[in-house]
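> Predicted model follows, preceded by the sequence.
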Amino acid sequence: MTDQRARVAAFVLAGGIAAGTLDILYAWLFWMLKAGVSMQGILQSVAAGLLGNSSFSGGGATAALGLALHDLIATTMSVTYYVVARRWPLLVRHPYLCGAGYGLLLYGIMNYIVVPLSAAGPGSTDPLWVTLSIAVHMLLIGIPIALATARASRLTGS
C-alpha cells in the first residue's frame with residue numbers, strides 16, 4: 001500500500017471510528033440518564049443484534065463483541081460513503097449538507113431495516129430517543145464521516 005493510500009485509508013477509518021464513538025457515547029449518556037443503563041449494558045445491547053438476549057448475560061465478553069460490531073458497522077458506513085463519493089463528487093464538495101443527509105439515510109436503514117431484522121428485536125420508540133437519534137445520526141455520524149471523506153479526497157485530488 002502506498003503512503004498516500006494508507007493516509008486515505010486512515011482518514012476513512014478515522015471517520016468511522018469518530019462516528020461510532022460519538023454514537024455510542026450518545027446512546028450511553030441518554031440511557032444512563034433515563035434508566036441508569038451502564039456502558040456495558042449499552043455495548044451488550046449492540047451484541048444482542050447478533051446473540052439476542054443472551055448477550056446480556058455474557059459480561060465483558062459480549063460488551064467487547066458489541067463494541068467490535070459497532071465499530072465495524074460505523075467503519076463500513078464510512079467506507080461506503082467514501083466509495084460512493086468517488087463517483088459523486090458532490091458528496092465531497094458539500095460535506096455538511098450531504099453528510100447530514102447521509103446520517104438521516106443511515107438512521108432509516110439502521111432503525112427500519114437492520115435492527116428489526118436482527119436478533120435484538122425492535123428498537124425503542126421513546127419520542128425523545130427517536131428525535132435525538134435522528135439529530136445524532138445527522139450531526140455526529142453523517143457529518144464526521146463526510147468530513148473525513150472530504151479530507152481523504154483532498155489527498156487524492158478527487
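Arrived safely, thanks for sending.

> longest helix anywhere in this structure?
Assignment by DSSP state H gives helix 3-35 as the longest helix of the chain.

> got the end-to-end distance for stretch 119-128?
For stretch 119-128, the first-to-last residue distance is 24 Å (CA to CA, to the nearest Å).

> One more: stretch 110-127?
First-to-last distance for stretch 110-127 - CA to CA - comes to 17 Å.

> which residues make contact with it from outside it?
By CB atoms under 8 Å, 6 or more residues apart in numbering, the list of residues contacting stretch 110-127 from outside reads 34, 45, 48, 49, 50, 51, 52, 130, 133, 137. All C-beta spots, glycine's among them, are computed from the backbone N, C-alpha and C.

> Of those, which is the nearest to residue 80?
Closest to residue 80 out of those is residue 137 (14.3 Å), distances taken as CB to CB.

> what's the neighbour count on that closest one?
With neighbours defined by other CB atoms under 10 Å, the count for residue 137 comes to 26.

> what residues are up against it?
Counted by CB under 8 Å, 6+ apart, residue 137 has contacts 23, 103, 104, 106, 107, 110.

> any idea how far it lies from residue 121?
Distance, residue 137 to residue 121, using CB to CB, to the nearest Å: 20 Å.

> before we move on, what about residue 43?
Taking CB to CB as the measure, residue 43 falls 17 Å from residue 121.

> can you check residue 67 too?
Residue 67 is 20 Å from residue 121, by CB to CB.

> Buried residues in stretch 85-102, which are they?
Residues 85, 91, 92, 95, 98, 99, 100, 101, 102 are the ones in stretch 85-102 that count as buried (16 or more other CB atoms under 10 Å).

> Only C-alpha atoms, please: export that stretch in CSV.
In CSV, the C-alpha atoms belonging to stretch 85-102 read as follows (Å, rounded to 0.1, in the frame of the first residue of the first chain):
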residue,chain,number,x,y,z
ALA,A,85,-18.2,9.9,-3.1
ARG,A,86,-15.5,8.9,-5.6
ARG,A,87,-18.4,8.5,-8.1
TRP,A,88,-20.4,11.5,-6.9
PRO,A,89,-18.0,14.4,-6.1
LEU,A,90,-21.0,16.5,-4.8
LEU,A,91,-20.7,14.4,-1.6
VAL,A,92,-17.1,15.8,-1.2
ARG,A,93,-17.9,19.4,-2.2
HIS,A,94,-20.8,19.7,0.3
PRO,A,95,-19.8,17.6,3.3
TYR,A,96,-22.1,19.3,5.8
LEU,A,97,-25.3,19.0,3.8
CYS,A,98,-24.5,15.7,2.2
GLY,A,99,-23.2,14.3,5.5
ALA,A,100,-26.4,15.3,7.3
GLY,A,101,-28.4,13.6,4.6
TYR,A,102,-26.3,10.5,4.8
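
> Thanks again, I'm all set now.
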